[in-house]
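In: coords please:
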Amino acid sequence: MSAEKKTDELKTDELKKETVAASEQGTQSKSVKTAIGFPKCYVGPSFIGANKGSVYKDALPPALSEAIADNPVLGALVVPVSKLAAANVALEDSGSSLSKVYERAQIYLKNMRRE
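Out: As a prediction, this is how the structure comes out:
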């Protein structure tokens, strides 16, 4: 097993543990779960069915909803359009929590493509 693959697997395991911990503490975004408060913008990495910067007026597309259901931490990358500028600033700051979620989303999506 290559060192890169092993590192990705460790990061994926860590992400899953953090997601479970967030779920148990009830810190998931209720707005994403209930799909209210639109319009929203997805600021995460693009994948088939969801592109970075896409704005959704009524509901999230099925591919994005399924990804969030599988990995709830991705819900943090769906932001109200009114907070889009702040989200973009946070994504530029490598120490911000949103930036870290983005990095984790990249790992998650990379591993999803392998399956």
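
In: moving C-terminal of the lowest-mean-pLDDT helix or strand in the chain, what's the next helix or strand?
Out: Lowest by mean pLDDT, DSSP states H and E among the helices and strands of the chain is helix 30-34, with a mean of 40. Proceeding N to C from helix 30-34, the next assigned helix or strand is strand 40-42, under DSSP states H and E.

In: Against which helices or strands is that next one packed?
Out: Applying 3 or more Cβ pairs under 8 Å, 6 or more residues apart in numbering; DSSP states H and E, one finds that strand 40-42 contacts strand 55-56, strand 78-80. Placement of C-beta: from N, CA and C, glycine included.

In: Could you rerun that using 6 Å?
Out: Here strand 40-42 touches strand 78-80, going by 3 or more Cβ pairs under 6 Å, 6 or more residues apart in numbering; DSSP states H and E.

In: Can you verify my assumption that residue 42 contacts residue 80?
Out: No: judged on Cβ atoms under 6 Å, residue 42 makes no contact with residue 80 at a distance of 11.6 Å.

In: more neighbours, the two?
Out: The residue with more neighbours, out of residue 42 and residue 80, is residue 42; 23 against 14, by other Cβ atoms under 10 Å.

In: hey, what's the more buried one bridged with?
Out: residue 78 (DSSP bridges).

In: For it, list the residues it contacts.
Out: 50, 54, 78 (Cβ atoms under 6 Å, 6 or more residues apart in numbering).
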